[in-house]
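# what shape does this take:
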Amino acid sequence: MSTYQMGPQTHAVPMSLFRDNRNRVKSALCESQKFESRTFVLLEGGKDVSFNDTDVDFHFRQESFFQYMFGVKEPGCYGVVSLDNGESVLFVPRLPEEYSVWMGHLHTLEEFKSMYETDRVLYCDQLDEFFSKANPSLILTLSGVNSDSGLSAKPATFPGIEKYVQNCDILHPIIAECRVIKSPEEIEVLRYVAKVSSDAHKQVMLKIKPGMTEYQGESEFLHHSYSVGGCRHTSYTCICGTGLNSSVLHYGHAAAPNNRVIRDGDMCLFDMGANYCGYAADITCSFPANGKFNDDQKLIYNAVLDARNAVLKEAREGVSWVDMHMLAIRVMLQRLKEGGILKGDVDEMIAAGLGAIFQPHGLGHLIGLDVHDVGGYLKGQPERPTEPGVSRLRFARVLKANMYVTVEPGCYFIDCLMDKALADPNMNKFLNNEVYERFRNFGGVRIEDDVWIKKDGCENFAIVPRTVAEIEEFMSGR
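So this is what the prediction gives:
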């Protein structure tokens, strides 16, 4: 049995995972409508991308739909699946012999066939010849809008494809829905990468201290994820916000590259996830830089933790994700009221949109081969809500068994949103202004777990210290 594995201590991903994915997509397509014989799925893999105009390439990451169906490491490939019999054909670039000087051994077609467990392997320049012999009635290519980015997948193309009848609309919603529900083999890869990421977060918590820079925390995470877990990539740019930066939701970008010096008394909000065989983790840990919570930090952290705990208790098949978001908001506002920041009726606060002042993002998202995985707003699924707060949800579906989601409530004190609440009489009436202003430079807290949805509950794959007592005890080991 062929596997993807970075080393003997890392998880062995069986190539049967991708074969089963191909079969699942074929079955789903055939159940969706009746196709004429000689219908084929055609996917195009990712290409090497040069750094600007240089001869240096970015680290290659396989296109996610192609990874889902074929699990191929190499760039420049194509894949074909017959809907008649499920036969899979991988097409690889025909490389000049001198490439072996620079790239090492060039695999033969038989070696590729054994490596990726497809039925056949041909060269990319044989695509037109293949389809000419197959005489397809229809070629299904992939195009569809990603509801998170607004960008569209580009349909496969090759010289001569214009001779054949093609459809680029049918495949996308089918394959995207297949990706929403994880197979047992996918769950084990996701469990592994979440464990690696959890352990990397714990290493950061042990090493971080006032006087260090944010990027040193990022460096610890990257080192452990790669050196121990074999994760060459992260799933997104690491967010290592401390102090006021912890209220910047997507901190760590090029203009704010995790470069602040950490101060005693800061809260740290570190949102980082490793990536293994294309599968993502997305975990956030919030903790005090000096290892000891002060009273204000305890209040905000426990409000977020209680919101997270309430969701994990209720999340299971058949539960509305919108309801889970509202549950988290309701619990968090109630705890802020009990802590003296808010006053009045919690339901009225929610109706006024106050929840979105403290948590301007959604409760979480689907996760898998993409950190914000496909399937959020497909045709036939609930449309994006429009109310404050829930309008930011990346999906609004009823949960199904074997979905995999993040649960990430947060509470932030963001200047522009604080000013908005203070200036709005419909919100201001719920604020104890003097207490509220005390938190203006607090930053924020987010707790994010990676959660497997089951029929009768859920399982959290993020294994890190979570309560105040657990964090303080763990960090005391420094």
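# just name the shakiest helix or strand of the chain by mean pLDDT.
helix 99-103 (a mean of 93; mean pLDDT, DSSP states H and E).
# just how off-centre is it within its chain?
35 Å (CA atoms, centre = their mean, to the nearest Å).
# I'd like the next helix or strand past it.
helix 109-116 (DSSP states H and E).
# elements contacting that following helix?
If contacts are counted by 3 or more CB pairs under 8 Å, 6 or more residues apart in numbering; DSSP states H and E, helix 109-116 sits against strand 88-92, strand 120-123. In this view, the C-beta of every residue, glycine as well, is placed from N, C-alpha and C.
# go again with 10 Å.
Here helix 109-116 touches strand 3-4, strand 88-92, strand 120-123, going by 3 or more CB pairs under 10 Å, 6 or more residues apart in numbering; DSSP states H and E.
# hmm, back to that, buried ones in the least confident helix or strand of the chain?
Neighbour counts over helix 99-103 (16 or more other CB atoms under 10 Å) mark no residue as buried.
# tell me which residue is most central in the protein.
residue 371 (1.4 Å; CA atoms, centre = their mean).
# which stretch of helix or strand covers residue 304?
Residue 304 belongs to helix 295-314, assigned by DSSP H and E.
# after that helix, which helix or strand is next?
Trace forward from helix 295-314 with DSSP H and E and the next one is helix 321-338.
# pull the CA atoms of that following helix into CSV?
Below are the C-alpha coordinates for helix 321-338, written out as CSV (Å, rounded to 0.1, in the frame of the first residue of the first chain):
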residue,chain,number,x,y,z
TRP,A,321,-24.8,26.5,13.2
VAL,A,322,-26.5,29.9,13.4
ASP,A,323,-28.1,28.8,16.7
MET,A,324,-24.6,27.8,18.0
HIS,A,325,-23.3,31.3,17.1
MET,A,326,-26.1,32.9,18.9
LEU,A,327,-25.6,30.6,21.9
ALA,A,328,-22.0,31.7,22.2
ILE,A,329,-22.9,35.4,21.9
ARG,A,330,-25.6,35.1,24.5
VAL,A,331,-23.4,33.3,27.0
MET,A,332,-20.5,35.7,26.5
LEU,A,333,-22.7,38.8,27.0
GLN,A,334,-24.2,37.3,30.1
ARG,A,335,-20.7,36.8,31.6
LEU,A,336,-19.7,40.4,30.6
LYS,A,337,-22.9,41.6,32.4
GLU,A,338,-22.0,39.6,35.5
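# direction-wise, compare that helix with helix 295-314 and give the angle.
150 degrees (axes from the mean of the first three to the mean of the last three CA atoms, to 10 degrees).
# pLDDT (mean, whole number) over helix 321-338?
Mean pLDDT, helix 321-338: 98.
# and it, what other elements does it pack with?
Short answer (3+ CB pairs under 10 Å, 6+ apart): helix 321-338 packs on helix 295-314, helix 346-351, helix 355-358, strand 404-407, strand 410-412.
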